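Peer 1: Let me see the structure of the following:
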Amino acid sequence: MRLGVLDIGSNTVHLLVVDGYHGAAPVPAVSHKVELRLAEHLRADGSIDESAVKTLLDFIEKSLEVAEDAGVTEVVAFATSAIREAPNGDSVLAEVTKRTGVNVDLMSGERESRVTFLAARRWFGWSSGQLLLVDIGGGSLELAIGADEEPDAALSLPLGAGRLTRDWLPDDPPSPKQVKKLRKHVRAEVANVAVRLNRYGQPELSVATSKTLRQLARITGAPSRDEGLYVRRVLTRDALGLWTPKIAEMPSAKRTDLPGVSVGRAKQLVAGAVVAEAVMDIFGIEELQICPWALREGVILEKLDALPE
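Peer 2: Numbers count the residues shown, from 1 in each chain. The predicted structure follows:
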């Protein structure tokens, strides 16, 4: 079947069209996206502002046209933390349904973590053993651990790179005092939940699934996208420790000169690095292996698994 998956994330709204069937890996056919950064378009009360809602609605309408032109038989839509935590999130999704006819699955943080874990497990396979997942989104941090397709523990924390940049790093570049305060906050939050994952033992493989972590890996020397999907890419603890203070000293315009850093994500990179460093230090992770699949692919895999053989 040809399936369209519409991912309303905290940073990017993305339609991915794939060809797939039961028991096969999905093959991407069409990609259509916009960096809306909903996590940065919030009013003082945390609600999503009108301009962002309008842009979102317009993009979804255009995405449905793209899906129809591509011959998509079904569109599956879901939203994550930016919509989930906004006071007007339900009304935004109601407006989406009213205007476009699309029903959006509002994922809980735990489910987001579990579905992303499924994608990572399928990518790396059973031979990877006990797997630890780390995903730094725009609005939240997802962590999960387990040896099966269903993790033993799956958590979501409000430590997304976009959210933290907005709330803790107002200056560009941020002051050393701002970075220090953020670092203290993030480490306290991660340490507070560490026991809930550590009780399941040490992972045999630690993996990263988000664009923030892919960009950090690229900055620290991982191969570029041009070298193909199956090239091994890693983010090491030592390299991250060397680069985090360098990134923090750069204005966001300068960060775009770094390999793999987009204009839309440059401002969030410091907060992402602070979170990544905290997770790697507190869980004793020396190396995160980058996984090309993440939440979207997990949603696709669940849908394909439900098809008749």
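
Peer 1: drop to CA atoms for contacts and neighbour counts, all remaining ones
Peer 2: Will do.

Peer 1: Give me the distance between residue 162 and residue 41.
Peer 2: Distance of residue 162 to residue 41, given as CA to CA, to the nearest Å: 10 Å.

Peer 1: More neighbours: the two, which one.
Peer 2: residue 162 (27 against 19; other CA atoms under 10 Å).

Peer 1: Does that one fall in a helix, a strand, or a coil region?
Peer 2: Here residue 162 is helix, with the state taken from DSSP: H, G, I helix; E, B strand; the rest coil.

Peer 1: One more: residue 149?
Peer 2: With three-state DSSP as the basis, residue 149 sits in coil.

Peer 1: Any idea how many residues pack against the residue lying closest to it once chain neighbours are set aside?
Peer 2: Leaving aside its chain neighbours, residue 149 sits nearest to residue 118 (5.3 Å; criterion: CA to CA, 6 or more residues apart in numbering). Residues within reach of residue 118, counting by other CA under 10 Å, total 23.

Peer 1: And residue 148, by the same measure?
Peer 2: Other residues close to residue 148 by other CA under 10 Å number 16.

Peer 1: ok, now residue 277?
Peer 2: Neighbour count for residue 277, taken as other CA under 10 Å: 21.

Peer 1: Which positions within the one helix or strand it maps to qualify as buried?
Peer 2: Here residue 277, judged by DSSP states H and E, is contained in helix 269-282. For helix 269-282, a neighbour-count test (16 or more other CA atoms under 10 Å) marks 269-280 as buried.

Peer 1: what sits opposite residue 131 in the beta ladder?
Peer 2: Beta-bridge partners for residue 131, by DSSP bridges, are residue 146, residue 205.

Peer 1: hang on, I meant residue 2
Peer 2: residue 19.

Peer 1: Could you tell me the model confidence score at it?
Peer 2: Per-residue pLDDT puts residue 2 at 91.

Peer 1: circling back to that earlier point, mind giving me the packing neighbours of the helix or strand where the residue nearest to residue 149 lies?
Peer 2: Assigned by DSSP H and E, residue 118 belongs to helix 109-124. If contacts are counted by 3 or more CA pairs under 8 Å, 6 or more residues apart in numbering; DSSP states H and E, helix 109-124 sits against strand 131-136, strand 141-146, strand 153-157, helix 295-305.

Peer 1: I'd like the average pLDDT over the longest one.
Peer 2: For helix 295-305, the per-residue pLDDT values average out at 93.

Peer 1: Now that helix: buried residues?
Peer 2: Neighbour-count burial for helix 295-305 [16+ other CA under 10 Å]: 295-301, 304.

Peer 1: hmm, who's touching stretch 288-296?
Peer 2: The contact list for stretch 288-296 (CA atoms under 8 Å, 6 or more residues apart in numbering) reads 5, 7, 112, 115-117, 119-120, 123, 205-210, 213-214, 217, 229, 232-236.
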